[in-house]
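In: next one to model:
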Amino acid sequence: MSAPALDLVVAGPVLAPAVGAVAVLALDAVAPRRRLPAPIVGTLALLVSFALAVLLRVRADGGAEVTTLCLPQDPALATTDAPSMVASDCLLRVSTSGALLQALAAAAGIAVLVLLARARGSLAEGPDVRPVADPGVEVALLLATVTGASAVAVAHDLGTWLVGLELATLPVVALAVMRGGTRDSGALNLITTSIASFAIAVVGAGLWVTATGSLRLGGVASWAAGQEDQVRAVLTLGIVLLVAAVAFKLSLVPFHAWAPTTYPRAGAEVTMLLASVSTVAALGGMVAVVHGSASVHATVQPALSVLAVVSMLVGAVLALRAPDPLRLIAWSGVTQGGWVLAPLVAADVDAAVGYLAVYVVAVVAALAVVAALTVDGPRRLEDDRGLLRRRPLHAAVLGLALLTLAGLPPGVAGLLAKFVVLRPLADQGLWWVALPAVVAVVLGLAVYLRWVALLLLPADDHREPEEVDPTATRVAVVTGLVLLAATLVPMILLGTGTP
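Out: Numbering: from 1, shown residues only. Coordinates of the predicted model:
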């Protein structure tokens, strides 16, 4: 068996941030604690990753086979021929939805990097002073997270899938500690969740290999196992465990407990990384599992339905009681995770990825505004009362992001995203998922309009405008403009799922 050929363009969205991380660490070793070189190298790496992902999306949309690291006749990837299915011997296989996920991970990574690169005090030392995090290490951790998300989005084998999924999570733990300290950063919740999910994923992967005899992920690999009752039971259990492992990453109920406790402690930057890049990786992992469950999808479908419905409803209800922005976004992430999973119940990958694209841009915009306004410390929702009069630009961007999440005009992209999710459910008669989703829409209106109302209401006291962070403000404005563009041209984010 010859060595696999590597197409640098196809592997570029994964390789660029990985090489960037190594380069950043090398620069940090030569010139330690310099603030400028690491963010510049990191930004260039993410821009290359984003550009290549867009290029690959165009190629895949044109019907071309976009693959690399192919291993023909490798016994570890051997499968039984399946009717009307074409097997691929490649470890990385880029589809239009996978390329969009890679582009989302890179773009969100740039937003997080800009926030991380802000100057925060001096490098003072002492027993009562928390040391400032090393910029090079922070950027390297961010690039490692994007590398994992980009890899899992196009992974076609269990090894790449497992490594990519964990690589998109574990660096965030270190970043949370560096940003918030060991006691109150939420890192303990993150590492516990990561270990638990990885253990479940490994058991699920073992059952998959036992049932299929292959490391390949996909419907072709599972087809033969799905034809025999005894082997079918093993395969189904393995897929259910893989779904549960990814459900931790998507903070789906009942695997969600880490999110509302971690988000408020980790700070806006780490929260943005979790809500965007890590969520992109989670959906990429879930898509691979759903593709692999093709032969037993009818058996797995009830489990996916319960996860989606319960997450949508529980997240929306508990978000109504959230007292601060980060906790509200955490519970919002639970309900939005249910929305992302819902179209996968109907095996509609494009709808799930399109919805996630709208959610990621909206939540990055909202968190950028929160970061801009928290110069003087953490905020409560009540602190945003009268924000439109004090800081109209910030209120406008935040309002657009919240209305997009709610699915109300002028956040038309959010409205279309919800329609894109509900359409395959209605087409396949999955009313036990579609009807609770409509209820979740109503609950979501109450969640997000509660915050929007505070922006519009006059403040009880005539307070002065808050001090704002200019860098975070620029990130908020840029993401707000992307949301506005998606409102005018929904295909930017929703792609082929646009009605």
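
In: worst-scoring helix or strand of the chain, pLDDT-wise?
Out: Scoring the helices and strands of the chain by mean pLDDT, DSSP states H and E places helix 219-223 at the bottom, with a mean of 67.

In: after that one comes which helix or strand?
Out: The helix or strand immediately downstream of helix 219-223 is helix 229-249, counting by DSSP states H and E.

In: the protein: strands as residue ranges?
Out: Secondary structure of the chain (DSSP state E): strands located at 66-70, 90-94.

In: tell me which of the ones you listed sits most buried.
Out: By mean neighbour count, with neighbours taken as mean count of other Cβ atoms under 10 Å, strand 90-94 ranks first of the strands of the chain at a mean of 25. Using the backbone N, CA and C atoms, a C-beta is placed for each residue, glycine as well.

In: strand 66-70 and that one, what's the angle between them?
Out: Strand 90-94 and strand 66-70 are oriented at 170 degrees to each other (axes from the mean of the first three to the mean of the last three Cα atoms, to 10 degrees).

In: got the CA coordinates for strand 90-94 in PDB?
Out: C-alpha atoms of strand 90-94 as PDB (Å, rounded to 0.1, in the frame of the first residue of the first chain):
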ATOM      1  CA  CYS A  90     -10.100   9.100   1.700                       C
ATOM      2  CA  LEU A  91      -9.700  10.300   5.300                       C
ATOM      3  CA  LEU A  92     -10.900  13.800   4.400                       C
ATOM      4  CA  ARG A  93     -13.900  14.300   2.200                       C
ATOM      5  CA  VAL A  94     -15.200  17.900   1.700                       C
END
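
In: who does it touch, helix- and strand-wise?
Out: Applying 3 or more Cβ pairs under 8 Å, 6 or more residues apart in numbering; DSSP states H and E, we find strand 90-94 packed against helix 8-30, helix 37-61, strand 66-70, helix 158-167.

In: now it: how far from the chain's centre is it?
Out: Taking Cα atoms, centre = their mean, to the nearest Å, one finds the center of strand 90-94 at 20 Å from the center of the full chain.

In: got a list of contacts for that strand?
Out: Contact partners of strand 90-94, identified using Cβ atoms under 8 Å, 6 or more residues apart in numbering, comprise 4, 10-11, 14, 56, 59-60, 66-71, 102, 151, 154-157, 159-160.

In: and for stretch 324-336?
Out: 251-253, 256, 259-260, 262-264, 268, 271, 275, 279, 311-316, 318-319, 322, 359, 363, 366-367, 370, 378-381, 384, 405, 440, 443-444, 447-448, 451.

In: report pLDDT for residue 20.
Out: At residue 20, the pLDDT value in this model is 95.

In: for residue 206, see how far away the spatially closest residue to it that is not a sequence neighbour is.
Out: Spatial nearest neighbour of residue 20, excluding adjacent residues (Cβ to Cβ, 6 or more residues apart in numbering): residue 45 at 2.6 Å. According to Cβ to Cβ, to the nearest Å, residue 45 stands 35 Å off from residue 206.

In: if you count what's nearby, which of those two comes out ahead?
Out: residue 45 (28 against 14; other Cβ atoms under 10 Å).

In: check contacts around that one.
Out: 16-17, 19-21, 23, 143.

In: tell me the pLDDT at it?
Out: 96.

In: what's the separation between it and residue 146?
Out: Shown here: residue 45 relative to residue 146, a distance of 8 Å by Cβ to Cβ.

In: overlap in contacts, these two.
Out: Residues touching both residue 45 and residue 146 (Cβ under 8 Å, 6+ apart) are residue 17.

In: tally of neighbours for the residue nearest to residue 366 when sequence neighbours are not counted?
Out: Leaving aside its chain neighbours, residue 366 sits nearest to residue 401 (4.1 Å; criterion: Cβ to Cβ, 6+ apart). The tally of other residues near residue 401 (other Cβ under 10 Å) stands at 28.

In: where's residue 401 relative to residue 104, distance?
Out: 16 Å.

In: now do residue 28
Out: Counting by Cβ to Cβ, the gap from residue 28 to residue 104 is 27 Å.

In: gap between residue 40 and residue 53?
Out: Noted for residue 40: a distance of 21 Å to residue 53, by Cβ to Cβ.

In: which one of those two has more residues nearby?
Out: Of the pair residue 40 and residue 53, residue 53 is the one with more neighbours under other Cβ under 10 Å, namely 28 against 13.

In: so what's that one up against?
Out: By Cβ under 8 Å, 6+ apart, residue 53 lies in contact with 13, 99-100, 102-103, 106, 150.

In: redo the helices and strands packed on strand 90-94 as CSV? Include distance to residue 455.
Out: Output for the helices and strands packed on strand 90-94, formatted as CSV (distance: least, Cβ to Cβ, whole Å):
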stretch, distance to residue 455
helix 8-30, 36
helix 37-61, 31
strand 66-70, 44
helix 158-167, 37
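
In: could you tell me the least trusted of the ones you listed?
Out: When I compare these, strand 66-70 is least confident, with a mean of 79.

In: angle of that one against helix 37-61?
Out: Comparing the axes of strand 66-70 and helix 37-61 via the same axes, to 10 degrees yields an angle of 110 degrees.

In: show residues contacting strand 66-70.
Out: Under Cβ under 8 Å, 6+ apart, the answer for strand 66-70 is 4-7, 10-11, 56, 59-60, 88-95, 99, 156.

In: change it to 6 Å
Out: Residues lying outside strand 66-70 but in contact with it, judged by Cβ atoms under 6 Å, 6 or more residues apart in numbering, are 4, 6-7, 10-11, 56, 59-60, 89-94.

In: ditto for stretch 473-485
Out: Contacts with stretch 473-485, where a contact means Cβ under 6 Å, 6+ apart, come from 111, 114, 361, 364-365, 368-369, 372, 397, 400, 404, 492.

In: and the two most separated of those?
Out: The largest separation in the contacts of stretch 473-485, counting by Cβ to Cβ, is between 372 and 492 at 24.2 Å.

In: more crowded one of the two?
Out: More crowded of residue 372 and residue 492, by other Cβ under 10 Å: residue 372, with 27 against 17.

In: tell me which residues touch that one, please.
Out: By Cβ under 6 Å, 6+ apart, the contact set of residue 372 is 468-469, 472-473, 476.

In: mind putting those residues into a markdown table with distance to residue 135 and pLDDT?
Out: Putting the contacts of residue 372 into a markdown table (distance: Cβ to Cβ, whole Å; pLDDT from 0 to 100) gives the following:
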| residue | distance to residue 135 | pLDDT |
| --- | --- | --- |
| 468 | 22 | 87 |
| 469 | 17 | 90 |
| 472 | 17 | 92 |
| 473 | 21 | 93 |
| 476 | 22 | 94 |
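
In: from these, which land in helices?
Out: Secondary structure from DSSP state H places 472-473, 476 of these in helices.

In: export the residues you listed to CSV and tack on distance to residue 456 and neighbour count?
Out: Compiled in CSV, these are given as follows (distance: Cβ to Cβ, whole Å; neighbours: other Cβ atoms under 10 Å):
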residue, distance to residue 456, neighbour count
472, 22, 25
473, 20, 19
476, 18, 29
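
In: let's have those in JSON lines, adding distance to residue 329.
Out: Shown next, in JSON lines, are the ones in helices among the contacts of residue 372 (distance: Cβ to Cβ, whole Å):
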{"residue": "472", "distance to residue 329": "15"}
{"residue": "473", "distance to residue 329": "18"}
{"residue": "476", "distance to residue 329": "14"}
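
In: so which of those residues is the closest to residue 349?
Out: When the ones in helices among the contacts of residue 372 are compared for distance to residue 349 (Cβ to Cβ), residue 476 wins out at 30.3 Å.

In: point out where the stretch 201-350 of the chain drops to low pLDDT.
Out: Within the stretch 201-350 of the chain, the segments meeting pLDDT under 70 span 219-227.

In: any idea how far the residue lying closest to residue 10 once chain neighbours are set aside lies from residue 92?
Out: The shortest distance from residue 10 to any non-neighbouring residue, by Cβ to Cβ, 6+ apart, is to residue 68 (4.0 Å). Distance from residue 68 to residue 92, counting by Cβ to Cβ: 5 Å.
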